[in-house]
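1. Provide a 3D model corresponding to the input given below.
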Amino acid sequence: MSKTDLPILEQRRIEANIIKPIFEEMVIVLGIDKAKDILGTAIRKNAVEQGKAYAESQDQPTSLSSFHSLLPQWTAGGALEVEMLKETKEAIDYNVTRCRYAEMYKEMGLSEIGHLLSCGRDGTFCNGYDPKINLERTQTIMQGATHCDFRYTVKTE
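-> Residues are numbered from 1 along each chain as shown. You can find the predicted model right below:
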């Protein structure tokens, strides 16, 4: 897994342009439910590997704090507008109040699978980065909510 200097929003746009015709063909052959299932599974597996790659590229041990320091990569260029609610060693809570990822997928005609392409990565990415980090999120803008509620915690032994 190699990292690039491209903003993540642009990475997702490129990926979506590649995935869109493949997904459309999968729908024809397999049906919408099976196509979504396969796509979601593949994206989640990829997110775990990306999380591991990020962790391995760091010079320090992983932690919730080091994980949180990655957030600017996802917000770059105004991709996300974030309202920070809580930031401690054990928990980081914030709401995303604007998501340009959702806006981009809508413009591309991919609203139906945008949550698979982006939101579905979030929890598995953090687990790949550090298995002790957990994300609980009950809603996303991508699926029609007014905001995304990100609630990260770290398991302590």
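
2. for the chain, what spans make up the helices?
-> Secondary structure of the chain (DSSP state H): helices at 8-30, 32-56, 64-68, 71-75, 100-107, 111-114, 120-129.

3. Turn these into CSV, including mean neighbour count and distance to Gln139.
-> C-beta: built from backbone N, CA, C; applies to glycine. Listed next are these as CSV, based on neighbours: other C-beta atoms under 10 Å; distance: least, C-beta to C-beta, whole Å:
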stretch, mean neighbour count, distance to Gln139
helix 8-30, 15, 20
helix 32-56, 16, 18
helix 64-68, 18, 21
helix 71-75, 15, 18
helix 100-107, 18, 12
helix 111-114, 19, 14
helix 120-129, 21, 13
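
4. how about the nearest residue to Ile92 once chain neighbours are set aside, what does it touch?
-> Nearest residue to Ile92, sequence neighbours excluded (C-beta to C-beta, 6 or more residues apart in numbering): Tyr152, at 4.5 Å. The contact partners of Tyr152, by C-beta atoms under 8 Å, 6 or more residues apart in numbering, come to 64, 67-68, 91-93, 126, 133-135.

5. mind putting those residues in a markdown table, pLDDT included?
-> Listed next are these as a markdown table, based on pLDDT from 0 to 100:
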| residue | pLDDT |
| --- | --- |
| Leu64 | 95 |
| Phe67 | 95 |
| His68 | 95 |
| Ala91 | 97 |
| Ile92 | 97 |
| Asp93 | 98 |
| Cys126 | 95 |
| Ile133 | 97 |
| Asn134 | 96 |
| Leu135 | 97 |
